[in-house]
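In: Pasting the sequence and the predicted model now:
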Amino acid sequence: MLRAKDITFGYRKEVILQGVSISVDRGTITAVLGMNGSGKTTIIKCLNGLLKPWYGVVMLDGESLSTLNREQIARKVAYVPQRSYESDLSVFDAVLLGRKPHIKWNPSNIDLEIVSDALRTMGLEEYALRPVRELSGGEIQRVALARALAQEAEVLLLDEPTSSLDLHRQLEVMNLLCELARERGMAIVLSVHDINLALRFADKFLLLRDGRVYAYGERDILTPKLIEEVFNVPVVMQHVYDQLIVIPIFDARDAKNDERSYIKVGAGA
Ligand SMILES: Nc1ncnc2c1ncn2[C@@H]1O[C@H](COP(=O)(O)OP(=O)(O)OP(=O)(O)O)[C@@H](O)[C@H]1O
């Protein structure tokens, strides 16, 4: 559905991404992982055509993104940025904006129904008439997700979609994304810092380090050694209730030498 080949991109003269390739199939979730500044947002923006790669090509359903205009892209690709906007619009109108690529003159009853469905799915019905700027960070993040749902795109690109959500909402949103992938066949790419959330819900993993692909593949590529190399933190991986989890470990001797490198996760870790 969405393929990027050998993407190289930089801001001004500085190279940020080098030779990044990714292939996203319908019905799957790909998690993009890496340290702060490794290029996760940048690759997601390249996949959406918001940034034009210096080299390489992004193909959307067999067509090069560079040959499509914003509206053609928006009919197929929805993008939820990391920092969602604060706006004077009501929640309903903000979500209705998701229908823009489909609306000619006025929204039809079908458009309004789709917006209502998206609000319902994201648990936002009671907020429909409130201005977005009065909502909490997590509520605004759900508005952005509702708008992406209303867009009815086949590809969903999400930049840290769970970063402002409480534990309950994180699981709710990730389960919803799984449902969208499995039942509607959407191709989903998300950047995420919570490696355990990624492990639990994603099918494929793209690990970036300094703008290059350090590893790319299915769950079996994620080993403690690889995670340590990418995040510079030693970890162990354990099964808990059939769920593989990553636990950062604390080495007192090394931490004494370099406090920045290690994260303490609690006694006995
Ligand atoms: N508009 C910009 N102009 C110049 N440099 C930028 C711009 N946007 C990002 N960068 C730089 O590009 C690099 C990659 O940024 P990017 O936002 O893609 O990283 P990220 O992996 O998403 O980081 P984070 O986990 O902190 O969100 C960083 O060094 C950042 O400072």
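Out: Sure thing, it's come through.

In: Can you read off the backbone torsions of Arg12?
Out: Main-chain dihedrals, Arg12, degrees, to the nearest 10: phi 50, psi -120.

In: now Ala187
Out: Torsion angles at Ala187 (phi, psi; degrees, to the nearest 10) stand at phi -100, psi 120.

In: Who does it form a beta bridge with?
Out: Taking DSSP bridges as the rule, Ala187 bridges to Val155.

In: Go ahead and confirm it touches Ile22.
Out: No: here Ala187 does not reach Ile22: they are 10.8 Å apart, not a contact under C-beta atoms under 8 Å. Every C-beta, even on glycine, is put in place using the N, C-alpha and C of the backbone.

In: out of these two, which sits in the more crowded spot?
Out: Ala187 (25 against 20; other C-beta atoms under 10 Å).

In: where does the more buried one land on pLDDT?
Out: Ala187 carries a pLDDT value of 96.

In: Contact partners for it?
Out: Met1, Leu2, Val24, Asp25, Arg26, Gly27, Thr28, Glu154, Val155, Leu156, Ala181 (C-beta atoms under 8 Å, 6 or more residues apart in numbering).

In: Number of residues surrounding the second one?
Out: Around Leu2 sit 23 other residues, with neighbours defined as other C-beta under 10 Å.

In: right, and it touches Gly49 too?
Out: No: using C-beta under 8 Å as the test, Leu2 is too far from Gly49 to be in contact (10.8 Å).

In: who touches both of these two?
Out: Common neighbours of Leu2 and Gly49, counting by C-beta under 8 Å, 6+ apart, are Val58, Val77.

In: Neighbour-wise, which one of the contacts of Ala187 leads?
Out: Neighbour counts for the contacts of Ala187 peak at Leu156, which has 25 neighbours (criterion: other C-beta under 10 Å).

In: can you pull out the helices in the chain?
Out: In the chain, the helices defined using DSSP state H lie at 40-47, 70-76, 91-96, 109-121, 137-150, 167-184, 195-201, 224-231, 252-257.

In: Just send the ones you listed back as a markdown table, with mean pLDDT and distance to Tyr241 too.
Out: Shown next, in a markdown table, are these (pLDDT from 0 to 100; distance: least, C-beta to C-beta, whole Å):
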| stretch | mean pLDDT | distance to Tyr241 |
| --- | --- | --- |
| helix 40-47 | 97 | 29 |
| helix 70-76 | 91 | 38 |
| helix 91-96 | 94 | 36 |
| helix 109-121 | 93 | 27 |
| helix 137-150 | 90 | 26 |
| helix 167-184 | 89 | 14 |
| helix 195-201 | 95 | 11 |
| helix 224-231 | 94 | 20 |
| helix 252-257 | 48 | 29 |
